[in-house]
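Undergrad: Sharing a model prediction with you, sequence too.
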Amino acid sequence: GNLWVATLGKGIYCYATNAPAQQFTVKEGLGSDLVRSLFEDAEGNLWAGTRTGGLNLLRPALFKTYGRKQGLSSDLVTAICEGRDGDLWVGNDGDGVDRISSQGIEHFAEPQGLSTVAIRAVLMDRSGELWVGCWVGGLYRYETNHFVHVLDIPGRDSAVGGLFEDSSGRIWLGQRTMNR
């Protein structure tokens, strides 16, 4: 397989075995060279969340960009994951979570239970539960059209910047730390 690397300023690099590295930038159709997240879905498509260019879909050498013009709530995409049903869940910085399905794009924010809309991580666990990590406000779980606050992290640093499920089914939180 290939190794895909997101950069904050130089787009995406693809490192393939026995081939030179390939770079994808705005020149090739990427929405922005500031790439915050990458995700490969079940069909092998590569999705790129960018700082100012929305959500981009890379199919063999072709990008399809999703942003405000296409119905996303923001062009600043920070996190991406796929549901069991094939829906794509997209975290945005300052605008909540979007779900892209065959029916269109659905938006989730404060009215659906998120106390903050600065999303930094989304994870679909092996049991089909969607988890959302917020920059301020802790951890949320999706339950039938709304989000439930499940963990408030005490202290000054309540940011959840990453989510990971290990082989035992434990959910790990990535946080920034305060260096003092």
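TA: Yes, it's here.
Undergrad: partners of the residue nearest the centre of the chain in the sheet?
TA: Nearest residue to the geometric centre of the chain (CA atoms, centre = their mean): Ala79, 1.4 Å. Here Ala79 shows beta-bridge partners Gly91, assigned using DSSP bridges.
Undergrad: can I assume it is in contact with Ala121?
TA: Yes: between Ala79 and Ala121 there is a contact at 5.0 Å, judged by CB atoms under 8 Å. The C-beta positions use only the backbone N, C-alpha and C, and glycine is treated the same way.
Undergrad: which residues are in contact with both of those two?
TA: Common contacts of Ala79 and Ala121 (CB atoms under 8 Å, 6 or more residues apart in numbering): 91, 133.
Undergrad: what's the helix or strand for Trp89?
TA: For Trp89, the element it lies in under DSSP states H and E is strand 88-92.
Undergrad: Could you list the low-pLDDT ranges of this structure?
TA: Scanning the chain for pLDDT under 70 picks out the ranges 60-62, 152-158, 176-180.
Undergrad: can you give me the helices for it?
TA: For the chain, applying DSSP state H gives no helices.
Undergrad: so what secondary structure elements neighbour the strand holding Trp89?
TA: With contacts taken as 3 or more CB pairs under 8 Å, 6 or more residues apart in numbering; DSSP states H and E, strand 88-92 sits against strand 46-50, strand 77-82, strand 96-101, strand 119-124.
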